[in-house]
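1. Model the structure of this input:
(one chain, ligands or ions: 2)
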Amino acid sequence: MSYTYEECKATADWLMAQTDIRPRIGIVCGSGLGGLANLLKDQVVFNYRDIPNFPQSTVHGHAGRLVFGTLKGRPCVCMQGRFHLYEGYPIQKITLPIRIFKLLGVDTVILTNAAGGLNQDFKVGDIMIMKDHINMPGFAGNNPLSGPNDERFGTRFPCMSDAYDRELQQLAMEVGQELGYGDFLREGVYCVLSGPSFETIAECRMLHRLGADAVGMSTVHEVIVARHCGMRVFALSLITNQAVMDYDSEEKANHEEVLQTGKQRSEQLERLVSTLVTRIEHNNIYA
Ligand SMILES: O=P(O)(O)O[C@@H]1C[C@H](O)[C@@H](CO)O1
Ligand SMILES: Nc1nc2[nH]cnc2c(=O)[nH]1
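-> Ligands and ions are numbered 1, 2, ... in the order given. Next up is the predicted model:
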């Protein structure tokens, strides 16, 4: 089930008719990380249920609001809550907001997520700058670009080896060091699975051997759609829990721990993203 260019444009036009804010930066908040949206000043807020063609948020920790506003003077739009495959939506529907971002004039997308740590050097509370991904649902044929391709969005066969903007990764690393976050700032590869069940021990061991540092249930589909339509991408994973890799372990992954870790790290994560947004402006590294 694809949305046509005209349907996406109708939603973007509907939003632009109701706010004068013309965002250049689009932000997607992960599980328990919606506090980022509250940083925006002069907010214009839309509930997802009121936006034409938009799905509804069904997951605890995803408020279901699209927030326009300014972050340190920069016009932004922020998804306070995202959609996931396991909610039952077609993959084209969960990525629709990214195309709306593009049609609103966004050129840089910042995505956050909660993820389980596979890398044994990672600790709960670490923030991982995503340098790459492994798209497991994609291996099984579930790619958001499946179906007819509209060249007005992008090419049929987009490159993904440059998906995560290296300049923004570098900038975020610098900002993190300056803020004193060096002890918990990491970089790594995120692997997406469809969820909603968490991984078995054998699956975690396999993903780790395949080169994944963290595992989650989102972000990658959004990244693919954002890159397809030429937006720059920066993404962060908050390591909310340690993936269970050992049959002797008593640990059990659970959503409450995910939300709890989000709460504990929200202040630093918000400061990192908001400072990064300011630096994008100062460095003037827009395309
Ligand atoms: O939206 P994100 O990827 O942050 O949400 C993660 C994956 C599941 O939706 C949930 C599991 O606790 O958190
Ligand atoms: N798949 C998956 N998603 C998560 N989101 C937060 N933690 C996890 C996890 O351990 N596994």
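
2. Measure how buried I201 is and give me the count.
-> Neighbour count for I201, taken as other C-beta atoms under 10 Å: 13. (Glycine included, C-beta is placed from N, CA and C.)

3. doesn't D248 make contact with it?
-> No. In this structure I201 lies outside contact range of D248 using C-beta atoms under 8 Å: 10.1 Å.

4. residues contacting R279?
-> L171, V175 (C-beta atoms under 8 Å, 6 or more residues apart in numbering).

5. Would you map the strands across the chain?
-> 25-28, 41-47, 65-71, 74-80, 108-117, 127-135, 185-192, 214-216, 232-242 (DSSP state E).

6. Let me have these in TSV, extended by distance to ligand 2, mean pLDDT and mean neighbour count.
-> Below are the strands of the chain laid out as TSV (distance: least, C-beta to the nearest ligand atom, whole Å; pLDDT from 0 to 100; neighbours: other C-beta atoms under 10 Å):
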stretch	distance to ligand 2	mean pLDDT	mean neighbour count
strand 25-28	15	96	26
strand 41-47	25	96	14
strand 65-71	21	95	22
strand 74-80	17	95	25
strand 108-117	2	97	26
strand 127-135	12	98	20
strand 185-192	8	98	22
strand 214-216	4	98	27
strand 232-242	5	96	25
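
7. which residues sit in contact with the residue lying closest to R49 once chain neighbours are set aside?
-> The shortest distance from R49 to any non-neighbouring residue, by C-beta to C-beta, 6 or more residues apart in numbering, is to Q56 (5.8 Å). For Q56, the contacting residues are Y48, R49, G64, by C-beta under 8 Å, 6+ apart.

8. okay, now the second one: neighbour count?
-> Right, R49. Neighbourhood size, R49 [other C-beta under 10 Å]: 11.

9. So it versus ligand 2, what's the distance?
-> To ligand 2, R49 is 25 Å away according to C-beta to the nearest ligand atom, to the nearest Å.

10. isn't that residue right up against G64?
-> Yes. Assessed by C-beta under 8 Å, R49 is found in contact with G64 at 7.3 Å.

11. which regions of the stretch 151-287 of the chain sit below the pLDDT cut-off?
-> Low-confidence segments of the stretch 151-287 of the chain, defined by pLDDT under 70: 281-287.

12. what about 90?
-> In the predicted model of the stretch 151-287 of the chain, residues 248, 250-251, 253-260, 262-263, 280-287 satisfy pLDDT under 90.

13. got the residues of it near ligand 2?
-> L193, G195, F198, E199, V215, G216, M217, T240, N241, A243, A253, V258 (C-beta under 6 Å from any ligand atom).

14. hang on, N47 packs against G64?
-> Yes. Under the criterion of C-beta under 8 Å, N47 makes contact with G64 at 6.4 Å.

15. Helices of the stretch 1-150 of the chain, start to end?
-> All helices of the stretch 1-150 of the chain, identified by DSSP state H, counting those that start in this stretch, fall at 5-16, 91-94, 96-104, 136-139.

16. Report the inter-axis angle for the longest one versus strand 74-80.
-> Interaxial angle of helix 5-16 relative to strand 74-80 (axes from the mean of the first three to the mean of the last three C-alpha atoms, to 10 degrees): 110 degrees.

17. Please compute how far helix 5-16 lies from its chain's middle.
-> 22 Å (C-alpha atoms, centre = their mean, to the nearest Å).

18. So which bits of the stretch 151-287 of the chain are right by ligand 1?
-> Counting by C-beta under 6 Å from any ligand atom, the stretch 151-287 of the chain sits next to ligand 1 at G195, G216, M217, S218, H255, V258.
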